[in-house]
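J.: predicted coordinates and the sequence they were generated for:
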Amino acid sequence: MQDYIPLFQNWLSQDKDPRLELKLMRNNAKGLPTMADVAAKWLDKKIPDLKEKTQILYTHQVSKWVLPFLNDEAKPLDLMTIKD
């Protein structure tokens, strides 16, 4: 537990909840899927069934408006709230 003290202090200085941050760190180590992962997989699965122009449109929209915002948080789905 002593190893985590600098992490806790850093998170507190950034106004972050150490309990949540520790869960995030542990879940990321487990490789749990994030919303960005799910959105990218959905896009990969959905795209082949669409017309060419629709494929381009969906890919562009998801790349521009969805993935950048979800990758910033990188929260596993288990820890996401409705607000997220």
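T.: Right, received. Where do you want to start?

J.: and residue 34, how many residues sit next to it?
T.: 19 (other CB atoms under 10 Å). (C-beta placed from N, C-alpha, C; glycine too.)

J.: tell me where the model's unsure across this structure.
T.: 1-2, 29-30, 71-74, 78-79, 84 (pLDDT under 70).

J.: now do 80
T.: 1-5, 23-36, 67-84 (pLDDT under 80).

J.: go through stretch 20-30 and flag the buried ones.
T.: 21, 24, 27 (16 or more other CB atoms under 10 Å).

J.: okay if I get these as a markdown table plus secondary structure?
T.: A markdown table is the format used below for the buried residues of stretch 20-30 (DSSP: H, G, I helix; E, B strand; the rest coil):
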| residue | secondary structure |
| --- | --- |
| 21 | helix |
| 24 | helix |
| 27 | helix |
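
J.: could you dump the residues you listed to a markdown table with distance to residue 81?
T.: Listed next are the buried residues of stretch 20-30 as a markdown table, based on distance: CB to CB, whole Å:
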| residue | distance to residue 81 |
| --- | --- |
| 21 | 15 |
| 24 | 13 |
| 27 | 15 |
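
J.: burial check on residue 69, number of neighbours?
T.: 11.

J.: quick check: phi and psi at it.
T.: For residue 69, the backbone dihedrals (degrees, to the nearest 10) come out as phi -80, psi -40.

J.: distance-wise, check it relative to residue 45.
T.: 21 Å (CB to CB, to the nearest Å).

J.: next: residue 31.
T.: 20 Å.
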